[in-house]
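Undergrad: Sequence and computational prediction follow.
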Amino acid sequence: MTQSKSNPSVSDHERIAESVSGTLAKRNEPEVQTGLQRLHRFFHANPTAAPAIVLLAAIAAFTMIVGERFLAPFNLSLVLQQVTIIGTLGIAQTLIILTMGIDLSVGAIMVLSTVVMGRMAVEFGLPPALAVTLGLGMGALCGAINGALVTKVKLPPFIVTLGTWNIFFALNLWYSKSETIRSQDIEATAPLLQWMGTSFEVFGARLTYGSLLMLALFGLVWYALNWTAWGRHVYATGDDKDAAELAGIRTQRVLMSIYVVAGLVCGVAAWLMIGRIGSVSPQVGFMSNLDSITAVVIGGTSLFGGRGSIFGTLIGALIVGIFRNGLALAGVDVLWQEFTVGLLIIVAVAIDQWIRRASA
């Protein structure tokens, strides 16, 4: 009679049970993180942490190198004035980059808006408030053109804004006849255009209304991005457009609104620009798009969209201003100042790439 196959012994069952329970226990054990992993998680959760550390380190370094005059209230307020235009354009650029786009036309939009404000007020004699409003409208219109080409025609943002950068600049030269509106003419007929450049003293610092408006814009956009449905939709669209559409977000409408708002912010920057330089020049500021991208990238906003903070852009603009101001006070040639800014851009992008690889 053939002997049947024996059943597993009790000890075999115990070994199998111990193996399964051991595997489950290992899965339930908390993951041991290295110092580098904890650092990555911190920077990933706090996009402004790295630029804030760089800003504080730069202030400390230039204080030791230059001395007390670097920390003088007047000098620090001068840095704030110098980054007012770039910071404002950086707001517009941040909104675009958060959605995985880029806007090369922000500088040209700003200059075209300054020309509209100047000519309407000085040459056509319109009330200055109306001229400013028309300039803001021109900025929003230019942004709407960019948005329509991106959302309706489905063209890449880089190509669209590269083309409109040249178109808007050409329109600016045509409309202005390549002529500068002098500061004296603006002061005599439309002093409101220069009002943003009016300064006042606070504890030794010279602040301008333009700088205060820039800070107010940062606060307003921060609130919109963090405390409104529109802001959540902006981040969702930049992080994963397809997933955002599946969640019911109208991504095309979100993108269109972003470009219009960005154009409007460029119009505000135009008003600040007139206050800053006192005149309207069709040749000044059209390359500011590169400086705005610099502020956004150094401020920790990812070029791949969906991650970043609007206050990071402010910190990025201040970093550039602090480095240029500190190096100038230290007697460093302008050539090496630009070299340093370029190095900062590369380091910032490298850090962003490291965070994205580590989080993948």
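TA: Alright, I've got the coordinates. Residues are numbered from 1 along each chain as shown.

Undergrad: Which pLDDT value belongs to the nearest residue to residue 312 once chain neighbours are set aside?
TA: Spatial nearest neighbour of residue 312, chain neighbours left out: residue 299 (3.5 Å); criterion: C-beta to C-beta, 6 or more residues apart in numbering. Where you see a C-beta, it was placed from the backbone N, CA and C, and this is true even at glycine. In this model, residue 299 is scored at 88, pLDDT.

Undergrad: now do residue 180
TA: If you check residue 180, the pLDDT there is 90.

Undergrad: Same question for the one 4 residues further on.
TA: At residue 184 the predicted local distance difference test score is 92.

Undergrad: Correct me if wrong, but it is in a helix.
TA: Yes: counting by DSSP: H, G, I helix; E, B strand; the rest coil, residue 184 is found in a helix.

Undergrad: residues contacting it?
TA: Going by C-beta atoms under 8 Å, 6 or more residues apart in numbering, residue 184 touches no other residue.

Undergrad: and residue 301, that's in a helix?
TA: No: counting by three-state DSSP, residue 301 is not found in a helix; it is coil.

Undergrad: returning to what we had before: now the residue nearest to residue 312: how far from residue 173?
TA: Look at residue 299 and residue 173: by C-beta to C-beta, to the nearest Å, they are 32 Å apart.

Undergrad: The two - which one has more neighbours?
TA: For residue 299 and residue 173, the more surrounded residue by other C-beta atoms under 10 Å is residue 299, and the numbers stand at 31 against 16.

Undergrad: how about residue 103, secondary structure?
TA: coil.

Undergrad: all helices of the stretch 51-200 of the chain, in order?
TA: Under the criterion DSSP state H, counting those that start in this stretch, the stretch 51-200 of the chain contains helices at 73-82, 84-98, 106-118, 128-151, 157-176, 183-189.

Undergrad: Out of these, which gets nearest to residue 267?
TA: helix 128-151 (2.7 Å; C-beta to C-beta).

Undergrad: Would you check that the residue nearest to residue 312 makes contact with residue 307?
TA: No: the criterion here is C-beta atoms under 8 Å, and residue 299 misses it with residue 307 at 11.7 Å.

Undergrad: what sits in contact with each of these two?
TA: By C-beta under 8 Å, 6+ apart, no residue touches both residue 299 and residue 307.

Undergrad: What pLDDT is listed against residue 358?
TA: 54.

Undergrad: For the helices of the stretch 51-200 of the chain, could you give me a markdown table that also reports distance to residue 195?
TA: Listed next are those as a markdown table, based on distance: least, C-beta to C-beta, whole Å:
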| stretch | distance to residue 195 |
| --- | --- |
| helix 73-82 | 15 |
| helix 84-98 | 14 |
| helix 106-118 | 12 |
| helix 128-151 | 9 |
| helix 157-176 | 22 |
| helix 183-189 | 11 |
